[in-house]
Each structure stands twice: as C-alpha cells, then as structure tokens.
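# Quick one, fold the following:
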Amino acid sequence: MRRLGCAARGDGLGDGLAATGSAATGSAATGSEATGSEATGWGDGPAHSSSPSPGRAREGEGEGKGSGSSSLPPPPSTLPLIIEEFFIVVYEDPLVKKELPKKFADYLDGKEPAKVYLRAADCGPRLWTVEVLFDGQGRMYLDKGWEKFAIAHGVDFGWFVHFKYEGDDVLTVKVFDGTMCRRYYYSDDEDTDDESDDDVKPCIHPL
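Now for the predicted structure:
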C-alpha cells in the first residue's frame with residue numbers, strides 16, 4: 001500500500017513506472033485468468049479437449065459400470081417335467097370311477113399300467129389294488145377297486161383326494177374332507193390284502 005502511494009506522488013518517471021507496473025499487473029491477472037480457465041478445463045483450446053468436463057467423466061464411468069455389470073438371466077431348466085403329486089376334487093358320486101389329471105396320464109405315456117396300488121398315508125403298509133382305464137384320448141381313470149377304497153375311507157362329495165406317485169405303480173393317498181382338513185386313518189391289523197372293507201377306520205385326532 002505504501003509503494004502505490006509513493007508512485008502516485010512521484011514525478012513523471014514515477015508515473016511511468018506506476019503505469020508500467022499497472023499494465024504488468026493487468027497482464028499477470030489476464031494470464032492468471034487464462035491459466036485458471038485452462039486448469040479447470042472450461043476454456044477453449046487444447047485444455048478443454050485434453051481434460052474432459054466432470055459431467056463427461058461421470059457419464060463415462062456410468063457407461064462403464066453398466067456394461068460391466070450387465071448379465072443375462074440363467075437359461076431355464078431343461079430337465080423333463082416330473083409329475084409326482086396332484087389332487088382331485090370329488091364333484092360327483094364319490095364311488096364312481098375317477099379321472100386323474102391329464103398331465104399325470106401324459107407322464108405315464110408309453111408305460112400305462114393296468115393297475116395301480118393305493119396306500120393311505122400313515123396307515124401302515126396295506127395296498128389297495130385299483131384297475132386303471134385309459135380311454136384312448138389321453139385320459140386316465142381309477143376304475144374297479146376305487147369304490148372299495150372310497151367306502152373304506154369315507155370319501156364324500158366335495159372332498160379333496162391328494163395323490164403322490166411313489167413309482168412302481170404305487171400312489172400314496174391323503175384325504176381332505178369338506179372343512180379342508182386332512183382325515184387320518186388307522187388299520188385294525190397288519191393284514192395287507194384288501195378283501196375286507198372293515199379294517200380301515202377313521203383316526204380321531206386328540207385335541
């Protein structure tokens with residue numbers, strides 16, 4: 001501040017030096033502005049092209065991350081469809097032949113059994129022999145022998161009968177009544193033939 005004051009009060013030489021210093025200061029300021037413009041990358045010229053703007057840098061990073069993290073979903077399984085469990089709803093007379101789902105019939109295509117063996121779940125080893133009927137149009141029915149099984153297990157209108165295919169033509173059966181609750185059964189003895197309808201009785205659950 002004192003040097004500027006001396007220049008203002010000096011002779012012509014001092015005025016010239018002050019003017020020259022002022023011009024130099026202005027040039028330096030201009031150079032500083034130019035340098036600052038180049039440093040930030042917002043000015044024109046090579047500085048702008050060699051140093052991309054922050055916005056461009058972020059766009060580049062985003063594109064890189066997106067392309068690097070993108071992946072295709074895994075292909076669906078090519079394993080064959082296996083129908084092991086299904087159910088039927090008793091909409092009509094519970095004692096007449098019962099049609100099984102077509103998908104299960106398709107699963108047995110080429111190895112249609114003449115008979116299947118029904119076993120009440122959790123009711124011992126007894127097997128109920130039921131003849132199977134195929135109508136030639138891909139439909140499969142439980143025929144002769146189903147009536148005996150239905151009577152012994154009290155199957156009624158509106159009930160659900162759940163089947164699980166165990167292989168070797170054996171189907172494990174669970175019966176659900178009209179309240180949508182499962183019915184449990186027990187056998188009077190360990191006899192495994194199906195000559196009598198009296199050896200399978202409802203099992204009452206304790207409360």
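# Need the CA coordinates for stretch 130-139. PDB is fine.
Extracted in PDB, the C-alpha atoms of stretch 130-139 (Å, rounded to 0.1, in the frame of the first residue of the first chain):
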ATOM      1  CA  VAL A 130     -57.300-100.400  -8.400                       C
ATOM      2  CA  GLU A 131     -57.700-101.100 -12.100                       C
ATOM      3  CA  VAL A 132     -56.800 -98.300 -14.400                       C
ATOM      4  CA  LEU A 133     -58.700 -97.400 -17.500                       C
ATOM      5  CA  PHE A 134     -57.300 -95.400 -20.500                       C
ATOM      6  CA  ASP A 135     -59.900 -94.100 -23.000                       C
ATOM      7  CA  GLY A 136     -57.500 -93.800 -26.000                       C
ATOM      8  CA  GLN A 137     -57.800 -90.000 -25.800                       C
ATOM      9  CA  GLY A 138     -55.100 -89.400 -23.200                       C
ATOM     10  CA  ARG A 139     -57.500 -89.600 -20.200                       C
END
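# List the buried residues in it.
Residues of stretch 130-139 classed as buried: 130, 132, 134 (neighbour count, 16 or more other Cβ atoms under 10 Å). Every residue, glycine included, has its C-beta placed from N, CA and C.
# Redo these as CSV? Include pLDDT, secondary structure and distance to Arg119.
Converted to CSV, the buried residues of stretch 130-139 look like this (pLDDT from 0 to 100; DSSP: H, G, I helix; E, B strand; the rest coil; distance: Cβ to Cβ, whole Å):
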residue, pLDDT, secondary structure, distance to Arg119
Val130, 98, strand, 11
Val132, 97, strand, 16
Phe134, 93, strand, 22
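# Tell me where the protein has strands.
85-89, 98-100, 115-120, 128-134, 140-142, 160-167, 170-176, 182-187, 200-203 (DSSP state E).
# Next, the angle strand 182-187 makes with the longest one.
In other words, strand 160-167. Following axes from the mean of the first three to the mean of the last three Cα atoms, to 10 degrees, one obtains 60 degrees for the angle between strand 160-167 and strand 182-187.
# what domains does the record give for the chain?
Here the domain parsing of the chain from automatic domain parsing is 2-69, 85-203.
# Can you tell me which of these has the worst average pLDDT?
Of all the domains of the chain, mean pLDDT reaches its minimum on domain 2-69 (a mean of 45).
# could you dump the strands of the chain to JSON lines with distance to Phe149?
JSON lines is the format used below for these (distance: least, Cβ to Cβ, whole Å):
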{"stretch": "strand 85-89", "distance to Phe149": "13"}
{"stretch": "strand 98-100", "distance to Phe149": "10"}
{"stretch": "strand 115-120", "distance to Phe149": "5"}
{"stretch": "strand 128-134", "distance to Phe149": "5"}
{"stretch": "strand 140-142", "distance to Phe149": "8"}
{"stretch": "strand 160-167", "distance to Phe149": "10"}
{"stretch": "strand 170-176", "distance to Phe149": "8"}
{"stretch": "strand 182-187", "distance to Phe149": "11"}
{"stretch": "strand 200-203", "distance to Phe149": "9"}
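# Sweet, I'm off.
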